[in-house]
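>>> need a 3D model of the following:
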Amino acid sequence: MHTKVRKAIIPAAGFGTRMLPATKSVPKELLPIVDRPILDYIVAEAFASGIEHVVIVTGRMKGAIEDYFDHAFEIDVSLRNAGKHGLADRMAQHTPGTGSISFVRQQQARGLGHAVWTARQIVGREPFAVLLPDMLMVDDKPCLQSMMELHGRHGGNVIAVEKCAPEEAHKFGIVSLKPTGDGPVVTGLVEKPAPGTAPSNLFISGRYILQPEIFDLLESQAPGAGGEIQLTDAMIALLGTQEIRPLEFCGRTFDCGSPAGFVSANLHMALARADLGASVDMEIETLAAARRAVA
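Prediction:
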């Protein structure tokens, strides 16, 4: 039996430069998708997938993230005194249990790999998940749950991948695969290959399950692209000694760190709501008709 994945790291220390000026005062992870912060969806995916403890890596000016996941006693009392028990109960549902979330500071902006490494003492020597906080992945079954099921069968490392148009492959981190008797395995990782040279059209998405040996590699790793400690570089080194399996995610992924992805995610999640879908759909139709009228 393979060691169960119990802990997850969510790196949330970035500046959110693609969403400026909004992120001058609000962490990008707390920007709302309808009426919940992006990060709330990511944390919920982790717990829904069977994770027992989430480690959120923050930085300076990110104290609001800790406040969000705390119990808001004053708001709860005020709502209940006003008879708004349903809203108070809904808020309580989004407050994780005591001790189920830890926070650690990334004191220097040294890249994704470094952010993951800062959580090593809390994770310990066991496999763990990584969920990128600006990649909202929507499907009937959480992406991480499917990855944990694959890990339960084979152990090792698992990464989520998705298909892109071949001509777009130069924009992403691309994997090369080989088939085996019990499913494909990753043979290589290429970050933004030159146009026409990509080994596949499967790009690395925003979810990982990694073995603790990755921490050892990250600790001694030289800076890579952008002068930062890159997680992909450590995974390439890990390929020399450990197996990495892909999990192809076929749902919808929204890059909420970009304005277009953020707006698309809001529309998608609002349309899926029974209390909002009809009115939002009507507004979209009105706007579309107005655009057609002036075209």
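>>> any regions of the stretch 151-295 of the chain where pLDDT drops low?
Along the stretch 151-295 of the chain, the model assigns pLDDT under 70 to no residue.
>>> try 80
The stretch 151-295 of the chain contains residues with pLDDT under 80 at 222-227, 295.
>>> need the strands for it, in chain order.
Taking DSSP state E, counting those that start in this stretch, the strands of the stretch 151-295 of the chain run over residues 157-163, 173-178, 185-191, 202-210, 244-248, 252-255.
>>> of all those strands, which lies closest to residue 286?
Of all these, strand 252-255 sits nearest to residue 286, with 23.3 Å by CB to CB. (C-beta placed from N, C-alpha, C; glycine too.)
>>> need the contact partners of that closest one.
Under the contact criterion CB atoms under 8 Å, 6 or more residues apart in numbering, strand 252-255 has outside partners 134-139, 162, 205-206, 261-262, 264-265, 268.
>>> now distance to residue 53 too, for the strands of the stretch 151-295 of the chain, in a markdown table please.
Converted to a markdown table, those look like this (distance: least, CB to CB, whole Å):
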| stretch | distance to residue 53 |
| --- | --- |
| strand 157-163 | 19 |
| strand 173-178 | 27 |
| strand 185-191 | 27 |
| strand 202-210 | 15 |
| strand 244-248 | 22 |
| strand 252-255 | 25 |
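>>> and the longest helix anywhere in the chain, what does it pack against?
In the chain, with assignment by DSSP state H, the single longest helix is helix 277-294. Other elements packing on helix 277-294 under the criterion 3 or more CB pairs under 8 Å, 6 or more residues apart in numbering; DSSP states H and E are helix 259-271.
>>> report the angle between the helix it packs on and helix 277-294.
130 degrees (axes from the mean of the first three to the mean of the last three CA atoms, to 10 degrees).
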